[in-house]
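Engineer: From the sequence below, what's the structure:
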Amino acid sequence: MPGSGWFPAIALFIVGVGLVDRDGVVAVLGLAFGAFAVLLTVVIVLSLAGGAEAMMG
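Structural biologist: Numbers count the residues shown, from 1 in each chain. So this is what the prediction gives:
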């Protein structure tokens with residue numbers, strides 16, 4: 001899945017900025033974006049698996 005690593009990396013960056021600046025709101029936004037990135041990755045993997053299953057049978 002080329003390009004899918006950008007979303008978790010951006011989430012880690014946002015959380016890091018929030019921690020360095022001691023800004024809880026930014027850190028929580030980074031955590032929320034990280035949860036979205038995980039959900040997006042799961043959806044992509046499941047759709048690829050479903051497509052592969054449809055092609056095989």
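Engineer: residues touching the residue nearest the centre of the chain, list them.
Structural biologist: Central residue of the chain (CA atoms, centre = their mean): A37, 1.5 Å from the mean position. A37 makes contacts with F7, P8, I10, A11, as judged by CB atoms under 8 Å, 6 or more residues apart in numbering. C-beta here means a position set from N, CA and C on the backbone, and glycine is covered the same way.
Engineer: try it again with 6 Å
Structural biologist: F7, P8, A11 (CB atoms under 6 Å, 6 or more residues apart in numbering).
Engineer: And F7, by the same measure?
Structural biologist: Counting by CB under 6 Å, 6+ apart, F7 has contacts A37.
Engineer: host element of it?
Structural biologist: helix 6-20 (DSSP states H and E).
Engineer: again, but for R22
Structural biologist: Going by DSSP H and E, R22 is not part of any helix or strand.
Engineer: same thing with the one 4 residues further on?
Structural biologist: Taking DSSP H and E as the definition, V26 sits inside helix 24-56.
Engineer: what angle separates that helix from helix 6-20?
Structural biologist: 170 degrees (axes from the mean of the first three to the mean of the last three CA atoms, to 10 degrees).
Engineer: Show me which parts of helix 24-56 are buried, residue by residue.
Structural biologist: For helix 24-56, a neighbour-count test (16 or more other CB atoms under 10 Å) marks V26, A27, L29, G30, F33, G34, A37 as buried.
Engineer: Pick the one among those closest to V15.
Structural biologist: Taking CB to CB as the measure, V15 lies nearest G30 of these, at 3.5 Å.
Engineer: who touches that closest one in this structure?
Structural biologist: Each residue near G30 by CB under 6 Å, 6+ apart is listed here: A11, I14, V15, G18.
Engineer: what about the nearest residue to G24 once chain neighbours are set aside, distance to V26?
Structural biologist: Among residues not flanking G24 along the chain, G18 sits closest, at 7.0 Å (CB to CB, 6 or more residues apart in numbering). Distance from G18 to V26, counting by CB to CB, to the nearest Å: 3 Å.
Engineer: Sketch out the low-pLDDT regions of the protein for me.
Structural biologist: 1 (pLDDT under 70).
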